[in-house]
Structure formats: C-alpha cells, structure tokens
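**Student:** For reference, the sequence and a predicted model appear below.
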Amino acid sequence: MKQRLITAIIGQFHRPHGAGGHLAGWIMAHRASNRRRNQWTVSLLDVRPTDHILEIGFGPGLAIAHLTRHATHGTIYGIDHSAVMLRHATRRNAAAIRAHRVTLRQATAEHPPAPGQPLDAIVTINTFGMWPNPTATLTHLRTLLKPGGRIAITSQPRTPGATPETSAQAARDITRHLTEAGYTHTRAETLDLTPPAVCVLAIRP
C-alpha cells in the first residue's frame, strides 16, 4: 500500500493530473531547489531582449516568468503535456499572455506546434529523461531554431541514491544525443544541489 502511494505521488511529477497534479504543481512552484534550478537555467541561456524562445515542459511556469523579464521585446512559447500545468502556468503568467508576449499550449516535445517564427532558443528543465526518442526529438527541434540558435537542457536526476556521478552521466548522455542530432559547441554547467543539476547547452550550426 505504501509503495503504491509513493509510486502514485512520483507519477504526478511526470504527468500531473487531477487533484494530485494540482498539489504537484504547487510543490514545484514553491520548492526552493526548483525555483533556483529554473532561474539558473535561464541565466545560462544568455537571453536577449528580442529573442523568440520555446520552453518544453513549462510545469507551473517559473522559467516562463523568468524568460519574460529578459526577452522584453520578444515572444515566449511554451508547451507541456499536462492540462493541469497549463492552468498553473497560465495563471502565473496571465499579464504576459494578455500582452501577447507569452503563448502556452498543451503539447508534447515530439509534436510541438509550429511557432510563429524561427526560434532564437529552446529550453527544457527536468523533462529530457521522459522523451521516448531523444535524438529524433532533438533533430526535429533543431529545424525550429535559427542558424546559431541555442538550446539548453537541464536535468537533476531524481533516481534513488543519485550522486554527483549520476548527474555527470546525465550530462554525458544529453551531450551525446545533442551531437547525434547535429548540434555543435556543446558545454555542460553544474548547479550545486543535492544531487547536482546539470545543464548542457549547444548551438544549431
């Protein structure tokens, strides 16, 4: 019984739905490590005022809010597979949505809606490990980026017993998929959490 409950709770962070999904969204929005991880990832992306950016798996919309503060004359697009997270993020970013600076949709990384223009950057935080075919997805996402466009993929492993080496291996795996999908200039950064979060950045050539 206890194991089933734990499994159900963990599942809400992968695909939030119903009342449990709303609770997961609240936790994601208020957990200090999650807020720090989102802000850190956006800081690494070197956002410019006129950038057009896509976030994949926006959750409660923390990174979306950070992105709007930097891309003051750009457009932020976001997709998430959870209707519950869409509602959370829409409430958090309501003013920017009304100003037509943010557009949020329910969709998956494998089938993102076409943005209105080529993107300057793509970002995803703690969703990469749930993609069924990472290399194919990254290859398609590359076509949405302008030449020279940036991508940032952040992961903080949550497997039982995760260590700094688990995070380092995650960075190596992300780097490999990016390289196979045709990106260049990959680099990995680390955030001192427990376990560490890693962000791998790359460029569309």
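**Tutor:** Nice, thanks for sending it over. Numbering: from 1, shown residues only.
**Student:** Can you name the residues bridging to Cys199?
**Tutor:** Each beta-bridge partner of Cys199 is listed here: Thr154, Glu189, as defined by DSSP bridges.
**Student:** Pretty sure it sits against Thr41.
**Tutor:** Yes. Under the criterion of Cβ atoms under 8 Å, Cys199 lies in contact with Thr41, with a separation of 5.5 Å. Just so you know, the C-beta spots here come from the backbone N, C-alpha and C atoms, and that holds for glycine as well.
**Student:** list residues touching both of the two?
**Tutor:** Shared contacts of Cys199 and Thr41, defined by Cβ atoms under 8 Å, 6 or more residues apart in numbering, comprise 152, 154.
**Student:** Quick check: phi and psi on the nearest residue to Val47 once chain neighbours are set aside?
**Tutor:** The shortest distance from Val47 to any residue other than its chain neighbours is 3.7 Å, reached at His70 (Cβ to Cβ, 6 or more residues apart in numbering). Here the main-chain torsion angles of His70 (degrees, to the nearest 10) amount to phi -100, psi -40.
**Student:** quick one: contacts for His70?
**Tutor:** Residues in contact with His70 (Cβ under 8 Å, 6+ apart) are 42, 47-49, 51.
**Student:** how much space between it and Asn93?
**Tutor:** Counting by Cβ to Cβ, to the nearest Å, the gap between His70 and Asn93 amounts to 14 Å.
**Student:** shaky segments in the protein?
**Tutor:** Across the chain, the ranges flagged by pLDDT under 70 are 1-30.
**Student:** Assign a three-state SS to the nearest residue to Val200 once chain neighbours are set aside, would you?
**Tutor:** Ranked by Cβ to Cβ, 6+ apart and with sequence neighbours excluded, the top spatial neighbour of Val200 is Ile174, at 4.3 Å. Following DSSP: H, G, I helix; E, B strand; the rest coil, Ile174 is assigned to helix.
**Student:** show me what contacts Ile174?
**Tutor:** By Cβ under 8 Å, 6+ apart, the neighbours of Ile174 are 128, 153, 155, 188, 198, 200.
**Student:** close enough to count as contact, the second one and Gly129?
**Tutor:** No. Here Ile153 lies out of contact with Gly129, judged by Cβ under 8 Å, at a distance of 10.0 Å.
**Student:** Got the phi and psi for Gln106?
**Tutor:** Per degrees, to the nearest 10, the backbone of Gln106 is at phi -90, psi 120.
**Student:** Report the contact partners of the closest residue in space to it that isn't next to it in sequence.
**Tutor:** When the adjacent residues along the chain are set aside, Gln106 lies closest to Leu86, with 5.1 Å between them (Cβ to Cβ, 6+ apart). The neighbours of Leu86, taking Cβ under 8 Å, 6+ apart as the test, are 80, 104-106.
**Student:** And for Ser155, nearest residue in space, chain neighbours not counted?
**Tutor:** Counting by Cβ to Cβ, 6+ apart, the nearest residue to Ser155 once its immediate chain neighbours are dropped is Ala170, at 4.7 Å.
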